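Provide a 3D model corresponding to the input given below.
(chains A and B, ligands or ions: 1)
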Amino acid sequence: MTSDELIDLEIKLLMEGIYQVYGYDFREYSEASLRRRLLQWLSGSGFASLSLAQSSLLRDRELFATLLRGITVNVSEMFRDPPFFKAIRELVVPHLKTYPFVKIWHAGCASGEEAYSMAILLEEEGLKGRFRIYATDINEEVIRTAQAGIYPLQELQRFTRSYQQADGTGSFSDYYTARYDRAILNASLRENIVFAAHNLAVDADFGEMNLILCRNVMIYFKQPLKERVLGLFDSSLVPGGFLCLGTKESLHHRRISDRYEAITPRMQIYRKRYAK
Amino acid sequence: MPNSRGGHFKAVVLGVSTGGVAALKFILGALPPDFPIPVLIVTHITPDSDDSLAVLLDTLSAIRIKEADEMEAITSGTVYLAPANYHLLVEREHLLALSIDPPVNFARPSVDVLFESAAEVYGPALIGVIMTGAGNDGSNGLLKIKNRGGMTIVQDPADAKMDDMPRSALHVVKADHVVCLKEIPALLMRLIQRKP
Ligand SMILES: C[S@@+](CC[C@H](N)C(=O)[O-])C[C@H]1O[C@@H](n2cnc3c(N)ncnc32)[C@H](O)[C@@H]1O
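Have a look, this model is predicted:
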């Protein structure tokens, strides 16, 4: 066995242990990214190998929390992929407007940037008071960050540029207050967002959603876990509802794909067909 | 582990930055359509680029060139480019993986991320190539390829449009071959056809 194969084995054993002890299931995550993240955690941990760390990780919840942070890289940004948000505005919002009230699920919302972007977009489109966003993530720590809605000021430049490229109709600076080196998003944006912990690998579906966004979350999953999560989304979406994936993800060759149609080329926005 | 169609190499990984488009046009244009192993490429492009570089290179070359899709099976005779704003990695089962983990060496995609994950999967059956570019992305990855017994090629800094990346790589790794751009296609052909 080469040293790389040995590391793969250690990862497998550790992930099994973590599942049994803590209930977090990373056994079906893509191993290339997982390995990179675990080795990065290991290099700062003081342990010489994952096997040596395992004994402590399975007993010490605090230590495990640091590993969890390392495994679930929670990177996100506001209005990431502006053309995507533009397409939501032009192609999805007109349908949403036909409902008295719409429910939206951001699965794997990380620190909340995407959910806040959606809240801004919907308010600008006149849907204020007529929507609720459920924003969930496996990582409870990051959910707390999302709830606070405070981001490093240096990121706001990029967020502002993306907001404009996504055809924002207002002035982005109206949505936050700058304090020292941080930007605090307006509390009113949060009124229609519910942040909650939810694990796509083990938890149940959410009922009656009109729009589900799960972007850049399933790229880290192997096929069987992807299929499970898509099944979860399928049973949570109303007929005529929309499912949005990341720019490099697609429903091609998936079990649920016959029930969906892409509403625009190049963008990963799918609409669930009405039953015949 | 001899490869049925020639030498023992199973993949080429290539990293390039500033000056990369011209260099890629040349190298990919010179590869035959039946090049017997896959080629995985990271070039530093701006985060909002679409797949037009892959499309352009594809029309200019005989070999098939495309942007990498997530969990796509890696096939021979195909060149895969990392998409803008995503890291490209290799899975054990010889699938391509994408990630939006933070930039490495200020880059996403990063050459180090591709090289390191490919070295872990292909070991001695990998050829790594570093070409023109600013910065030092790829040096650590090339070292990992070397340490796993793979073959390392660096474009001669004197021949590179921007010599930082090759120079940095040569600082970190004693490369197996230091050659001019125009010699790289023939060198690759020679290496993969050589019996182990
Ligand atoms: C890369 S972020 C994507 C954030 C955002 N959707 C975007 O595209 O900018 C991926 C998020 O998925 C979360 N995640 C990973 N596995 C999960 C699971 N099993 N259930 C729910 N969330 C998960 C991570 O914690 C992380 O915050």
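
quick one, strands of the stretch 101-250 of chain A?
Using DSSP state E, counting those that start in this stretch, the strands of the stretch 101-250 of chain A run over residues A:102-107, A:131-137, A:150-152, A:176-179, A:182-185, A:193-197, A:209-214, A:237-245.

In chain A, spot the helix with the most residues.
Scanning chain A for the helix with the most residues, using DSSP state H, yields helix A:3-22.

any idea how far it is from the chain center?
Helix A:3-22 sits 25 Å away from the centroid of its parent chain (Cα atoms, centre = their mean, to the nearest Å).

show me the contacts for the residue most central in space within chain A.
By Cα atoms, centre = their mean, the mean C-alpha position of chain A lies nearest to residue A:108, the distance being 2.3 Å. Contact partners of residue A:108, counting by Cβ atoms under 8 Å, 6 or more residues apart in numbering or on different chains, are A:136, A:137, A:138, A:200, A:214, A:215, A:216, A:217. Any C-beta I mention is one placed from the backbone N, CA and C, and that applies to glycine too.

which bits of the stretch 51-200 of chain A sit near the ligand?
Proximity of the stretch 51-200 of chain A to the ligand, by Cβ under 6 Å from any ligand atom, involves residues A:72-76, A:80, A:108, A:110, A:114, A:137-139, A:142, A:199-200.

Go again with 5 Å.
Neighbours of the ligand within the stretch 51-200 of chain A, by Cβ under 5 Å from any ligand atom: A:72, A:74, A:76, A:80, A:108, A:110, A:114, A:137, A:138, A:139, A:199, A:200.

Need those residues in a markdown table (columns: distance to residue B:121 and pLDDT).
Listed next are those as a markdown table, based on distance: Cβ to Cβ, whole Å; pLDDT from 0 to 100:
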| residue | distance to residue B:121 | pLDDT |
| --- | --- | --- |
| A:72 | 23 | 89 |
| A:74 | 26 | 86 |
| A:76 | 28 | 91 |
| A:80 | 29 | 92 |
| A:108 | 26 | 97 |
| A:110 | 28 | 96 |
| A:114 | 32 | 97 |
| A:137 | 30 | 97 |
| A:138 | 27 | 95 |
| A:139 | 28 | 93 |
| A:199 | 29 | 96 |
| A:200 | 27 | 96 |
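
I figured residue B:23 hits residue B:133, correct?
No - the criterion here is Cβ atoms under 8 Å, and residue B:23 misses it with residue B:133 at 9.1 Å.

Is it possible to get CSV of the contacts of residue A:108 that adds neighbour count and distance to residue B:80?
Shown next, in CSV, are these (neighbours: other Cβ atoms under 10 Å in any protein chain shown; distance: Cβ to Cβ, whole Å):
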residue, neighbour count, distance to residue B:80
A:136, 22, 33
A:137, 27, 31
A:138, 24, 30
A:200, 21, 28
A:214, 22, 25
A:215, 24, 22
A:216, 24, 19
A:217, 23, 23
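
Of those, which ones also sit close to chain B?
Applying Cβ under 8 Å from any Cβ of the partner chain, the subset of those adjacent to chain B comprises residue A:216.

which among the contacts of residue A:108 gets closest to residue A:254?
residue A:214 (12.7 Å; Cβ to Cβ).

ok, the nearest residue in space to that closest one that is not next to it in sequence - contacts?
Of all residues not flanking residue A:214 in the chain, residue A:107 sits nearest, at 4.2 Å (Cβ to Cβ, 6 or more residues apart in numbering or on different chains). Contact analysis of residue A:107 by Cβ under 8 Å, 6+ apart lists A:136, A:198, A:200, A:212, A:213, A:214, A:217, A:229, A:233.

Please report phi then psi for the third one.
With angles defined as degrees, to the nearest 10, residue A:200 sits at phi -60, psi -20.

Pick out the residue in chain B sitting closest to the ligand.
Nearest to the ligand, among the residues of chain B, is residue B:100, at 5.0 Å (Cβ to the nearest ligand atom).

That residue: what's it in contact with?
A:75, A:216, A:219, A:246, B:85, B:86, B:87, B:108.

quick one, helices of chain A?
Using DSSP H, helices in chain A cover A:3-22, A:31-43, A:50-59, A:61-71, A:82-87, A:93-96, A:113-124, A:140-148, A:153-165, A:187-190, A:223-236.

What are the buried residues along the fourth one?
In this case it means helix A:61-71. Residues of helix A:61-71 classed as buried: A:64, A:67, A:68, A:70, A:71 (neighbour count, 16 or more other Cβ atoms under 10 Å in any protein chain shown).

Quick check: mean pLDDT of the helix or strand containing residue B:178?
If you go by DSSP states H and E, residue B:178 is part of strand B:177-179. For strand B:177-179, mean pLDDT is 98.

Close to chain A: what parts of chain B are there?
Within chain B, the positions near chain A by Cβ under 8 Å from any Cβ are B:48, B:50, B:69-71, B:83, B:86, B:89-92, B:97-102, B:113, B:116-117, B:120-121, B:123, B:148.

Give me the buried entries from those.
By 16+ other Cβ under 10 Å, these give B:69-71, B:83, B:86, B:89-91, B:97-101, B:113, B:116-117, B:120-121, B:123, B:148 as buried.

can you list the residues of chain A near chain B?
Residues of chain A found near chain B, taking Cβ under 8 Å from any Cβ as the criterion, are A:2, A:4, A:8, A:30-33, A:35-37, A:73, A:75, A:82, A:216, A:219-220, A:222-223, A:246-250, A:266.

In chain B, which residue sits nearest chain A?
Proximity of chain B to chain A (Cβ to the nearest Cβ) peaks at residue B:89, 3.8 Å away.

quick one: contacts for that residue?
A:30, A:32, A:33, A:36, B:96, B:97, B:98, B:99, B:113, B:114, B:117, B:118.

what kind of secondary structure is the last one in?
Right, residue B:118. Assigned by DSSP: H, G, I helix; E, B strand; the rest coil, the conformation of residue B:118 is helix.

Retrieve the pLDDT associated with it.
On the pLDDT scale, residue B:118 gets 98.

From residue A:220, how far out is it?
18 Å (Cβ to Cβ, to the nearest Å).

which residues sit in contact with the residue lying closest to residue A:64 once chain neighbours are set aside?
Leaving aside its chain neighbours, residue A:64 sits nearest to residue A:57 (5.3 Å; criterion: Cβ to Cβ, 6+ apart). Going by Cβ under 8 Å, 6+ apart, residue A:57 touches A:14, A:17, A:18, A:63, A:64, A:67.

so residue B:85 sits right up against residue B:47, yeah?
Yes - using Cβ under 8 Å, residue B:85 is in contact with residue B:47, at 4.2 Å.

overlap in contacts of those two?
residue B:108.
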